[in-house]
Structure formats: structure tokens, C-alpha cells
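In: here is a sequence with its predicted model. Questions after.
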Amino acid sequence: MHPILKLVAQRLALGIMLLFAASILIFAGTTMLPGDVAQQILGQSATPQALANLRAELGLNEPALTRYFSWLGGFLQGDLGTALTNGRDIAESLGGRLKNTLFLAFWAAFISVPLAIFLGLLAVRYKDRWPDKLISAVTLTTISIPEFMIGYVLIYWVSIRMGLFSSVAIINDGMSLGEKLNAIAIPVMVLTLVVLAHMMRMTRAAILNVMQSAYIETAELKGMGMLRIIRTHAFPNAIAPIVNVVMLNLAYLVVGVVVVEVVFAYPGMGQYLVDHVAKRDVPVVQACGLIFAAVYIGLNLVADIVSILANPRLRHPK
């Protein structure tokens, strides 16, 4: 078997194993939560008989292993179960929420990824000079501030003081693209500032590492300009670590947006998860947790596979 195919197969197998392990942890963690689900649904005034009937209906009297495989089997078939609090199908409720989260993540990535790469290249071009120091100082400041604080600051200045965008990011299918972009403008700014620093600094470090190579020195001795060296020699050879950090941050934009969605009352998966954690709706928490885990593991797999494909020694084995 070709070395690349073997490595890709190994990564895919590892990803499946990790997802299986994540499902066990999610199920075990939610099962061990204190309190009685039936009591939470029916309230403190429920009779013992009513509690016993509801536990039997929900399958809570069955062994944990049986419940786990029943839940996992349903998930693999697209059946995420029914929400305990409102009786609605979880897959149907999550469909629109997941679409909203991906919509927000897409526009944040659309701005942050090219901007981070551009700033990283600019910092390398002016290494140890004022543009490099200014970019590093600003990005370090933004990465050091919690996203909810950045959100509240932007709400105060951009929405309240300047009146440019709405402080509540509520969207629906009846809105045009322009109206949706106007609604998510501030959350996109927050997410961009949060992920920008990490990607920019990794881009800068990866290119500077390549710039120490012998062939870069040869290009300099031939009289090639610095911008051309960075564009044609350094950046293509630094693409693997850059892709890795970009994928990690894309995973954060989908999985780690819970705080931002809560701050802006955005109707995404993070807000949906928080609402049902407060209500102790275990099936919803399990479904959201496994979907977040699948997205995170999947994007990391993509990063690994791109890194493998970007390695010329694997593409052209001797």
C-alpha cells in the first residue's frame, strides 16, 4: 500500500476510535449527573407511581450498557431521540440550530483566516520592526481577553454608542442575506478577534522557521526579493502547520461558540445546549455533545490528512 494511503487509513481509524471513546464519555458523564430526570420533569409534587411509570417509559430502569448501545445505534441511524422538556424531535430542532452555528462560523472564518495569514506574512516581512511589534501586541491583547468581555465592549461601543449594528443577533429564514449579516456582525467581530491571534502567530512562526533553511539563503544570495522569497519558497513549505492551526480554530468556531451565542442570544447549537442543560434535558445534552465532538474530531482529521498530503517525501517516496 502507498505510504500516503496507509497513513490516511490510520488517521481515519483513529478518528473513529476517538469518536467512539467520546460517545462513551458523554453518555457516562450525563448518566452520572446528580438528580432524578423523572423528578425534574414531573416536579416535586409527583407521586411515586407517576415517577415509576415515567422512568419505565424513558427506559431509565434498563442497564446503562443497554441504554448506551440503544442511544448510539439510534444516533448512527439519525435518530437523536426526543427532548424531555417539550417532547419535540431533537434532530428536527437541531437542524436549524446547527445551520445557524455553521453560518456564523463560516463568516467568522471567511474574515479571520485570510486576515490572519496576511498579518502573519506582513509580520515576517517586517520582522522585529514596528509593524511586526504592533501586530503582535494587538493580537496578544485580544487573545488575553475573554470573549464575553470582548463581546460586551463591542456591544457598548459599536451598537449602543455608534448605533451601527444590533446588540442581539437574532436571525430567521425569512431574513435576507444582508439582514442576517447585519445581525451577526458583532458576533463575527468577536470570533474573529478571538481566533485571529493564534492563527497569525502560528503563520509567523512557521514561515520564520522555513526562512532559516539553506535554500532560502541561496535565494537571497541570488538577489531574489524578500516578498518573492516568502511567496514562492517560504509560504508553500510552511503550509502544513498553518493548515493545522487553521483547522483547530475552525473547530473552535463551531464547537467553542457557546459563550458568544449566549451573550448575543444567537439561535445556534450553543444557546440550545445551554438552555437544555439548565433544564437537565439529558438526551439533548448528549446529542449536542456528540455532534460537537464529531465536528472537532472531523476537522482535526482533515488537518492531519492535509498535512500528510502536503509532505513531498510522502507524495514521492523513493
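Out: On my side now, so go ahead.
In: what sits against Leu18?
Out: Ile297 (Cβ atoms under 8 Å, 6 or more residues apart in numbering). Quick note: C-beta positions are derived from backbone N, CA and C, even for glycine.
In: which element is it on?
Out: Using DSSP states H and E, Leu18 falls within helix 3-31.
In: buried stuff in that helix?
Out: Within helix 3-31, the residues scored as buried using 16 or more other Cβ atoms under 10 Å are Leu7, Val8, Arg11, Gly15, Leu18, Leu19, Ala22, Ser23, Ile26, Phe27, Thr30.
In: ok, now stretch 266-283?
Out: Applying 16+ other Cβ under 10 Å to stretch 266-283 flags 266-273, 276-277, 280-283 as buried.
In: quick revisit: so what's the gap between the helix holding Leu18 and the chain middle?
Out: Here the centre of helix 3-31 is set off from its chain's centre by 17 Å, with Cα atoms, centre = their mean, to the nearest Å.
In: just stretch 89-98 next, same as before
Out: Worked out by Cα atoms, centre = their mean, stretch 89-98 lies 18 Å from the chain centre.
In: report the mean confidence score over that stretch.
Out: For stretch 89-98, mean pLDDT is 86.
In: what comes into contact with it?
Out: Residues from elsewhere that reach stretch 89-98, judged by Cβ under 8 Å, 6+ apart: 78-83, 173, 267-269, 271-272, 283-284, 287-288, 291.
In: narrow those residues to those in helices?
Out: If you go by DSSP state H, the contacts of stretch 89-98 have Met269, Gln271, Tyr272, Pro283, Val284, Ala287, Cys288, Ile291 in helices.
In: is it possible to export these to CSV including pLDDT and distance to Ile230?
Out: Below are the ones in helices among the contacts of stretch 89-98 laid out as CSV (pLDDT from 0 to 100; distance: Cβ to Cβ, whole Å):
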residue, pLDDT, distance to Ile230
Met269, 89, 39
Gln271, 87, 42
Tyr272, 88, 44
Pro283, 85, 51
Val284, 87, 48
Ala287, 89, 45
Cys288, 90, 42
Ile291, 90, 39
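In: distance to Ala183 added to the residues you listed, as CSV?
Out: Converted to CSV, the ones in helices among the contacts of stretch 89-98 look like this (distance: Cβ to Cβ, whole Å):
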residue, distance to Ala183
Met269, 17
Gln271, 14
Tyr272, 18
Pro283, 30
Val284, 25
Ala287, 26
Cys288, 23
Ile291, 24
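In: and the two most separated of those?
Out: Distance extremes for these: the farthest pair is Gln271 and Pro283 at 17.3 Å, using Cβ to Cβ.
In: my guess is Ala238 meets Asn209, correct?
Out: Yes: using Cβ atoms under 8 Å, Ala238 makes contact with Asn209 at a distance of 7.0 Å.
In: who has more neighbours, these two?
Out: Ala238 (24 against 13; other Cβ atoms under 10 Å).
In: need the contact list for the more buried one.
Out: Here Ala238 is in contact with Thr203, Ala206, Ile207, Asn209, Val210 (criterion: Cβ under 8 Å, 6+ apart).
In: mind checking which helix or strand Lys99 is in?
Out: Using DSSP H and E, Lys99 falls in helix 90-125.
In: quick one: low-confidence residue ranges for the stretch 101-250 of the chain.
Out: For the stretch 101-250 of the chain, not a single residue meets the criterion pLDDT under 70.
In: now do the strands in it.
Out: Read by DSSP state E, counting those that start in this stretch, the stretch 101-250 of the chain holds no strands at all.
In: can you give me the helices for the stretch 151-300 of the chain?
Out: Assigned by DSSP state H, counting those that start in this stretch, the helices in the stretch 151-300 of the chain fall at 177-183, 185-210, 214-221, 226-229, 235-237, 239-255, 258-263, 269-278, 282-309.
In: put together a markdown table for the ones you listed, with distance to Phe118 on each row.
Out: Putting those into a markdown table (distance: least, Cβ to Cβ, whole Å) gives the following:
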| stretch | distance to Phe118 |
| --- | --- |
| helix 177-183 | 21 |
| helix 185-210 | 9 |
| helix 214-221 | 20 |
| helix 226-229 | 13 |
| helix 235-237 | 11 |
| helix 239-255 | 12 |
| helix 258-263 | 24 |
| helix 269-278 | 29 |
| helix 282-309 | 20 |
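In: these: which one's closest to Ser159?
Out: Across the helices of the stretch 151-300 of the chain, closest to Ser159 is helix 185-210 (Cβ to Cβ), at 6.4 Å.
In: what comes up buried for that closest one?
Out: Those would be 185-207, 210, for helix 185-210 by 16+ other Cβ under 10 Å.
In: now the helix holding Lys99, how far from the centre of its chain.
Out: Computed by Cα atoms, centre = their mean, the chain-centroid distance of helix 90-125 equals 9 Å.
In: ok, now stretch 254-261?
Out: Centroid separation for stretch 254-261 versus its chain: 8 Å, with Cα atoms, centre = their mean.
In: got it, and stretch 188-203?
Out: Worked out by Cα atoms, centre = their mean, stretch 188-203 lies 13 Å from the chain centre.
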